[in-house]
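Novice: model this:
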Amino acid sequence: MIKILRDTAVDSIRPDESVETLASLLELLCGEKINIASVTKEAQTTIQAVIVRCREEGPGNVQMNYEEFNELLLMFNQYRVEKPFFSFFFLTSCQTSDIKSTDKKSISFAALPLCVRQFRGFAMLCFGNFRFAYRRLSRICTPVEFEDALRPWNCDSAQEEKEIKSRKEPLARLVGSSDYISEEKTWYLGYLTSHLLYSDSATLKCLYGKMRNSSLNDVLEEARDDETMRSIIKDEWDTFKEEDVQRYKGKIDALEEEVNAMRDEAKIARATGIKNTVKYLTWDYLDVYVATSMRQEWEFRETHAFVREVFERKLKGFPLRWFDPTQSFDNNLVDKGLLEGLMLKRARCTIYMAQEGDTLGKDSELAATLAQGKPVIAYVREVRELEKEAKELRKRPLRYFRQRLLSLLADLFFDKTRNLRKVSEHLKALGEPELGLEVRPRIQPYLELLYDFQRTRKFVLVSDDEREYREIHKNRFRSLEKFMTAVEAVAADNRAEIIKSRHPLSLQVNLATGVANGVLVVRSAGECARLVKNIMTRSLTFEIDALEKGKDLGTALIEQGSKSKFRVVTKNDCLTNSFWNFYRDPTPEAIRSA
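Specialist: All right, here's what the predicted structure looks like:
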C-alpha cells in the first residue's frame, strides 16, 4: 500500500495544544473551515477537558475509540464517520506507526495527525478534493464498498508483487524469441526513416540513368509501379552533374549491392514487426506502454537500448508485459494508430520518452494516459559522463548535428545567458574553449562544415562519403562532438525542468473522476524501473506540501523519489465550486476505472 511520509500542513499542528489547534487539524480532515464561535460553550468545555488530560497524562496515553471520535466531530459541528472510515484511516494507520494504541479499537490522541495525513494522501489520489473525499468516504457503511472506493492505491503491496512474480510468459513470447528485432535493424520499421532507403534507391537509379545517357522518362518508366520512387527520382534527376557520375562510376556495383542488402533486411524486419503486432494484440493483458517519437535511425536505437535496460536488466525477474514500439509494425497507418490507442487503453501506465522536443503523437499519448487517470513516467535522459557522451555522438550521422543545431537556433537556445553559462562549464570540463556572449562565430563554422558536405552528398545511408569527409576534418568534428555534448547536457536539464514544472501537459484531469493527474519525471533507467515497479505493486511513497513554496495556491502530493507532483488540489474557491459541481458524484465504476 502507498505511504504518506510527510504533510507540511498537518505535521506542524499539535492537537493537544488548544481547542483552536485541534480545530485546525480537523479542518484538514473535513476539508472545510471550522468556526470556533459556532461551537457551543458546553462543547468547548468538554474539548478543553480532553486537552487538559492530554497535557497531564501525555497525548500518547489518552485513547479515543470510534464513538468518542464521532462525538468530538459533532462537537465541532462536523459530519460523523462510519466504521470503515475510522478503521482504515485511524486504526490501521495507528497500528502501522511508531505510536501504538493499547487495543485494536482505539487510537491515541498523539496519533491523530498521522491519521489525518493518511486520509489526505488517499483523498488526493482517489478524489482530488478533501471535502468531497471526506463526505463520500465518511458515509460508506460497508468495508467492501469502502475498500473499492480506494482501489487500487489501498492494495497490499507484498501480495501484488507476489502475484506478478507468479505470472507465466505469454503463449506468443517476444523477448528471447527469433522474432525479437535487434537494435541495429529497428529503424527499418520507421515510416519516416525508411524514406532514407527509398532515397538512396532512387539516387542509384538516377546514377544508372545518367551513366547510360537515359532520359528522365526512361528512368521513371523503370519505376512505374512505385509512386514514391518516381517522386524522388523527379526531385533528384536535375541535381546530378557529370562530376557526380564520375565520382560514383567505379563504386556503383558495390553501392547497388549495399542498397539491395538493406532493402532485403528492411523487408524481413517489417514482416517480423507485423508478426510482433499480432503477438501484442493476443496478449491477455499489458502493463506498460512506451510512448516515443522516432523519426531518425538513432532514435530507434536509443529507444531500443532504453527499453532493454529498464525491462530486461533493471526489472529482470519481475515479469511484466510492455509494448515496445521498436518491435511493432503495420503497413496501414490507420491500423497502426488504432493499435497504439488500444495499447494505451490496456496498459496500466505509460513511459513517455521526452527526447529533444514535443511531437503530436507522443504528446497525445501522454495526455490520453493522464486523462484515463493512469500514471505517466516521463524519462528525460541525464548526461552525466561527458566524455562518454561525446564518443556516443561520434556514432551519429552528420545529419544529426546539422538538424539539431538548426533546431536549437530556432528555439533560441543560444540566446539565453543561463544556457551559455552552463554550456561553457561543460566545455571547460571537456577541455574545450568556453563560450562568449556572442556564440554565432562559434556555431557558424560548424554549420558551414556540415552544409558543405550536405551540398555535395548524393547517398544518405550508403557510400563512404561521410566516413571520408569526417576523416579529412577529424579535429573539427571532434570539437563539434564535444560542443554538442555540452549543449545536449544543458538542453536535457532544461527539458526535465519544463516537463516537471511548466509544461502544459504535465498535469491533466482524469475525465472520469476530475482528479488532477501529474507526470512523474525521472532522469535514468534505474529511476524509471523503480517507479514502474512501485506503480505496479502500489508501493509509491509520497509527501504532501504546498503547491508552490511561499504561496497559498493549493496542495501537491509529491512522489518522494522523483520529487514530482502526482496530484494537486487548488485553493481557488470559485474554480473549486464550479469544478466539483460537475464531478461531485462520480459513479463507483468511474472511480474503479481510474
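Novice: the stretch 1-150 of the chain: helices as residue ranges?
Specialist: 8-11, 19-30, 41-57, 66-75, 83-86, 93-95, 112-126, 130-137, 143-150 (DSSP state H, counting those that start in this stretch).
Novice: what is the mean pLDDT for the third one?
Specialist: Right, the one you point to is helix 41-57. What helix 41-57 shows for mean pLDDT is 93.
Novice: residues making contact with that helix?
Specialist: For helix 41-57, the external contacting residues (Cβ atoms under 8 Å, 6 or more residues apart in numbering) are 16, 17, 18, 19, 22, 36, 39, 62, 72, 75, 76, 109. All C-beta spots, glycine's among them, are computed from the backbone N, C-alpha and C.
Novice: report the angle between it and helix 66-75.
Specialist: Going by axes from the mean of the first three to the mean of the last three Cα atoms, to 10 degrees, helix 41-57 is angled at 130 degrees with respect to helix 66-75.
Novice: weakest of the helices of the stretch 1-150 of the chain in terms of mean pLDDT?
Specialist: helix 93-95 (a mean of 59).
Novice: now distance to residue 306 and neighbour count too, for the contacts of helix 41-57, in JSON lines please.
Specialist: Formatted as JSON lines, the contacts of helix 41-57 follow (distance: Cβ to Cβ, whole Å; neighbours: other Cβ atoms under 10 Å):
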{"residue": "16", "distance to residue 306": "52", "neighbour count": "20"}
{"residue": "17", "distance to residue 306": "52", "neighbour count": "14"}
{"residue": "18", "distance to residue 306": "55", "neighbour count": "13"}
{"residue": "19", "distance to residue 306": "56", "neighbour count": "20"}
{"residue": "22", "distance to residue 306": "51", "neighbour count": "24"}
{"residue": "36", "distance to residue 306": "56", "neighbour count": "12"}
{"residue": "39", "distance to residue 306": "58", "neighbour count": "16"}
{"residue": "62", "distance to residue 306": "54", "neighbour count": "19"}
{"residue": "72", "distance to residue 306": "53", "neighbour count": "19"}
{"residue": "75", "distance to residue 306": "57", "neighbour count": "19"}
{"residue": "76", "distance to residue 306": "53", "neighbour count": "20"}
{"residue": "109", "distance to residue 306": "50", "neighbour count": "22"}
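Novice: in a markdown table: those, plus distance to residue 150.
Specialist: As requested, the contacts of helix 41-57 are exported to a markdown table (distance: Cβ to Cβ, whole Å):
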| residue | distance to residue 150 |
| --- | --- |
| 16 | 29 |
| 17 | 31 |
| 18 | 33 |
| 19 | 31 |
| 22 | 26 |
| 36 | 32 |
| 39 | 31 |
| 62 | 29 |
| 72 | 24 |
| 75 | 28 |
| 76 | 25 |
| 109 | 25 |
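Novice: and those, which two are furthest apart?
Specialist: With Cβ to Cβ as the measure, no two of the contacts of helix 41-57 lie farther apart than 36 and 62, at 21.4 Å.
Novice: and residue 180, how many neighbours?
Specialist: 14 (other Cβ atoms under 10 Å).
Novice: same check on residue 191?
Specialist: Quick note: residue 191 (other Cβ under 10 Å) scores 12 neighbours.
Novice: contacts only, for the most centrally placed residue in the chain.
Specialist: Taking Cα atoms, centre = their mean, the centroid of the chain lies closest to residue 378, which sits 2.0 Å from it. By Cβ under 8 Å, 6+ apart, the residues touching residue 378 are 352, 354, 366, 499, 506, 519, 520, 521, 522.
Novice: does it count as helix, strand or coil?
Specialist: At residue 378 the chain is in strand, as set by DSSP: H, G, I helix; E, B strand; the rest coil.
Novice: beta partners of it?
Specialist: residue 352, residue 521 (DSSP bridges).
Novice: now it: how far from residue 309?
Specialist: According to Cβ to Cβ, to the nearest Å, residue 378 stands 17 Å off from residue 309.
Novice: about what we covered before: right, and the helices of the stretch 1-150 of the chain - which one's nearest residue 359?
Specialist: helix 112-126 (30.0 Å).
Novice: output that closest one as CSV, nothing but the C-alphas.
Specialist: This file holds the C-alpha atoms of helix 112-126, laid out as CSV (Å, rounded to 0.1, in the frame of the first residue of the first chain):
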residue,chain,number,x,y,z
LEU,A,112,-4.4,11.9,15.2
PRO,A,113,-2.1,13.9,12.9
LEU,A,114,-0.7,10.7,11.4
CYS,A,115,-4.3,9.5,10.7
VAL,A,116,-5.3,12.8,9.1
ARG,A,117,-2.1,12.8,6.9
GLN,A,118,-3.0,9.3,5.7
PHE,A,119,-6.5,10.4,4.8
ARG,A,120,-5.3,13.4,2.9
GLY,A,121,-3.0,11.3,0.8
PHE,A,122,-5.7,9.0,-0.2
ALA,A,123,-8.1,11.9,-0.8
MET,A,124,-5.7,13.4,-3.3
LEU,A,125,-5.0,10.1,-5.0
CYS,A,126,-8.6,9.0,-5.4
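Novice: taking helix 130-137 as reference, get the angle to that helix.
Specialist: 90 degrees.
Novice: helices or strands next to the longest helix seen in the chain in the packing?
Specialist: When the chain is parsed with DSSP state H, its longest helix is helix 252-282. Counting contacts by 3 or more Cβ pairs under 8 Å, 6 or more residues apart in numbering; DSSP states H and E, helix 252-282 packs against helix 194-211, helix 333-346.
Novice: weakest of those helices in terms of mean pLDDT?
Specialist: helix 194-211 (a mean of 89).
Novice: starting at the chain centroid, how far to it?
Specialist: With Cα atoms, centre = their mean, to the nearest Å as the basis, helix 194-211 stands 40 Å off its chain's centre.
Novice: kindly report the same for stretch 444-458.
Specialist: The answer for stretch 444-458 is 36 Å, by Cα atoms, centre = their mean.
Novice: in that stretch, what counts as buried?
Specialist: 446, 447, 449, 450, 453, 457, 458 (16 or more other Cβ atoms under 10 Å).
Novice: in helices only, show me those residues.
Specialist: Those of those lying in helices (DSSP H): 446, 447, 449, 450, 453.
Novice: would you agree the third one is in contact with residue 473?
Specialist: The one in question is residue 449. Yes - counting by Cβ atoms under 8 Å, residue 473 is a contact partner of residue 449 at 6.3 Å.
Novice: and for this protein, the residue most distant from the center?
Specialist: Extreme point of the chain relative to centroid (Cα atoms, centre = their mean) is residue 213; 54.9 Å.
Novice: re earlier: next one: the residue nearest to the centre of the chain from residue 84, what distance?
Specialist: Noted for residue 378: a distance of 36 Å to residue 84, by Cβ to Cβ.
Novice: ok, residue 214 - contacts?
Specialist: Residue 214 makes contact with residue 208 under the criterion Cβ under 8 Å, 6+ apart.
Novice: hmm, back to that, can you redo the helices of the stretch 1-150 of the chain as JSON lines with distance to residue 528?
Specialist: Below are those laid out as JSON lines (distance: least, Cβ to Cβ, whole Å):
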{"stretch": "helix 8-11", "distance to residue 528": "28"}
{"stretch": "helix 19-30", "distance to residue 528": "33"}
{"stretch": "helix 41-57", "distance to residue 528": "46"}
{"stretch": "helix 66-75", "distance to residue 528": "42"}
{"stretch": "helix 83-86", "distance to residue 528": "36"}
{"stretch": "helix 93-95", "distance to residue 528": "30"}
{"stretch": "helix 112-126", "distance to residue 528": "21"}
{"stretch": "helix 130-137", "distance to residue 528": "30"}
{"stretch": "helix 143-150", "distance to residue 528": "26"}
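Novice: for residue 530, find the nearest of these.
Specialist: Closest among those, using Cβ to Cβ: helix 112-126, at 18.8 Å.
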